[in-house]
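In: Predicted coordinates and the sequence they were generated for:
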Amino acid sequence: MTGSAAAPVSRQLCPRCGKELPLSFAKSSCPACGGLLEVRHAAPGRRGLELRRIFGDRRGSVDVLDASGVWRYRELVLPDAGRDVVTHPEGNTPLLRLPRVSSWAGSPELLVKHEGHNPTGSFKDRGMTVGATVAKRLGARAVACASTGNTSASLAAYAALAEIPALVFVPAGRVAAGKLAQTLAYGAKTLLVRGDFDACFALALEASEKLNVYLLNSVNPFRLEGQKTIVFEALEQLGWEAPEWIALPAGNLGNTSAFGNALRDARDLGLISRVPRLAAVQAEGANPFARAFREGFARRHRVSAETAATAIRIGDPASHDRAVTAIRSTNGVVTDVTDDEILEAKAIIDGSGAGCEPASAASVAGVKRLVREGVIRPGERVVAVLTGHVLKDPGILLRYHMETEPPPPRANRPVEIEPRLSAVEQVLREDR
Ligand code: F0G
């Protein structure tokens, strides 16, 4: 080859001060100003219709990269990943029309993107396949994260696949049973920290800096590259006809940031002609981002978080700044909903046969609220993301259906009987 060296396909960039770093830089924040780094790729050389065709042709292929709903979009995720990726595979989640849910939310054109169909039951797998691939490429000695449960389950599974030791920091007594069980089963070293998520995160950050372990929280820019594919896949399922709205639950704000980046890429590459508006939904008891939005993002808020949706029980979201960019650049909104609204939405989603964990239901509860407030109009198409599987949090389900007094309106009380047909008949009679 002659001529000058080719420009790198991808690099890391600090959006705050403009510093550029190679992909091999193994920290999540800028060494110059402390801003969170982002990954930027060179334009793939193809655009619009041609890119759409390439992605479409990969569907149904058994090739290990094409079979993944993340790596199918590799030009926009990690173009130089090669073939040595750590994949289960992930993604390929359904976009569902659930009439009972749409009618409850007052949004006839509502569709739900069910990320609970991922290998470990949450959207985290889409980021973790990329994060674990990079960790392996860097030769990481160990990987670590702080988590409200889903990230730790996903990290544990992908680290096991990559054969890298994993260390997780979770708030003691505040992680849903399904998530803790997964994390233990997949073999991560699990530290039950006597503190909340925000304390876990501070500790994980310090450990990653001082103990030479690679941090795989959503501050890691490669995680966000993988999570962008929730949006790419939903757009492709809609024939690249952008919906008016995309609604998602918001906690540490990594996913909100990833969605903003995905929509930027999709618009810049001509995959869509119109950018959907993002609706980020928080729990009222863990709503620092909603508070900031109501003040025009004049300042950052920190709260002492409390909500039954433990996945989003976060008071000081790490990706605040870039999530502000995501909301502003999509003309988006941020709202919050009460735990009662979340649990009612969950009961409707569960009762429709789809099911989801509490935090996921916040997206649908948020849609209902925004329709009621006239922000979302009933004729507008909305994609609400269900971020996690119904089995993630069996504790809250069993309490809701079996223990809460008086029984909530949608409680499905089981009935204990003697092993006799007459007992069955009696139950059926009483049910009429
Ligand atoms: N929904 C679920 C089910 C989650 O687990 C999370 C985050 C979110 C929504 C919010 O996403 O943090 O990117 O704004 N869970 C993290 C974890 C914090 O540790 O599993 P976010």
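Out: Good, I have the coordinates.
In: Now for K136: which residues touch it?
Out: K136 makes contact with D84, V86, A162, I164 under the criterion CB atoms under 8 Å, 6 or more residues apart in numbering. For every residue, glycine as well, the C-beta is placed using N, CA and C.
In: is stretch 86-101 up against the ligand anywhere?
Out: No. Stretch 86-101 stays clear of the ligand (CB under 6 Å from any ligand atom), getting no nearer than 13.2 Å.
In: got the buried residues for that stretch?
Out: V86, T87, H88, P89, E90, G91, T93, L96, L98, V101 (16 or more other CB atoms under 10 Å).
In: start to end distance for it?
Out: 35 Å (CA to CA, to the nearest Å).
In: Over to stretch 326-335?
Out: Stretch 326-335 end-to-end distance (CA to CA) = 15 Å.
In: ok but G195 is inside a strand, no?
Out: No. Assigned with DSSP: H, G, I helix; E, B strand; the rest coil, G195 falls outside any strand and is coil.
In: Going by contacts, tell me the helices and strands next to the lengthiest helix in the chain.
Out: For the chain, the helix with the greatest residue count under DSSP state H is helix 221-237. Packing partners of helix 221-237 (3 or more CB pairs under 8 Å, 6 or more residues apart in numbering; DSSP states H and E): strand 38-41, helix 48-58, strand 110-114, helix 124-138, helix 254-268.
In: rewinding a little: take the buried residues of stretch 86-101 and lay them out in TSV including secondary structure and pLDDT.
Out: TSV is the format used below for those (DSSP: H, G, I helix; E, B strand; the rest coil; pLDDT from 0 to 100):
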residue	secondary structure	pLDDT
V86	coil	98
T87	coil	97
H88	coil	92
P89	coil	95
E90	coil	98
G91	coil	98
T93	coil	98
L96	strand	98
L98	coil	98
V101	helix	98
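In: and which of those is nearest to the ligand?
Out: Ranked by distance to the ligand (CB to the nearest ligand atom), the buried residues of stretch 86-101 are led by T93 at 13.2 Å.
In: Please report how far the closest one lies from G355.
Out: 14 Å (CB to CB, to the nearest Å).
In: Need the residues touching each of the two.
Out: G116.
In: so which of the helices and strands packed on helix 221-237 comes closest to the ligand?
Out: Per CB to the nearest ligand atom, nearest to the ligand of these: helix 254-268, 3.5 Å.
In: Now do the buried residues in the closest one.
Out: Buried residues in helix 254-268 (16+ other CB under 10 Å): 254-267.
In: on that earlier part again, got TSV for the contacts of K136, with secondary structure and distance to A43 too?
Out: Formatted as TSV, the contacts of K136 follow (DSSP: H, G, I helix; E, B strand; the rest coil; distance: CB to CB, whole Å):
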residue	secondary structure	distance to A43
D84	coil	24
V86	coil	26
A162	helix	30
I164	coil	32
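In: Could you pick out the buried ones from these?
Out: Here, 16+ other CB under 10 Å leaves V86, A162, I164 buried among these.
In: would you turn these into a markdown table with distance to K368?
Out: Shown next, in a markdown table, are the buried ones among the contacts of K136 (distance: CB to CB, whole Å):
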| residue | distance to K368 |
| --- | --- |
| V86 | 38 |
| A162 | 41 |
| I164 | 42 |
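In: Wait, L110 touches A384, no?
Out: Yes. Using CB atoms under 8 Å, L110 is in contact with A384, at 6.2 Å.
In: Find the residues that touch each one of these two.
Out: V364, V367.
In: Extract the C-alpha trace of the helix or strand hosting F289 and format it as PDB.
Out: F289 belongs to helix 288-294 when assigned by DSSP states H and E. Provided in PDB are the C-alpha atoms of helix 288-294 (Å, rounded to 0.1, in the frame of the first residue of the first chain):
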ATOM      1  CA  PRO A 288     -33.800  13.900  39.300                       C
ATOM      2  CA  PHE A 289     -33.900  14.000  35.500                       C
ATOM      3  CA  ALA A 290     -37.600  14.900  35.400                       C
ATOM      4  CA  ARG A 291     -37.000  17.700  38.000                       C
ATOM      5  CA  ALA A 292     -34.200  19.000  35.800                       C
ATOM      6  CA  PHE A 293     -36.400  18.900  32.700                       C
ATOM      7  CA  ARG A 294     -39.100  20.900  34.400                       C
END
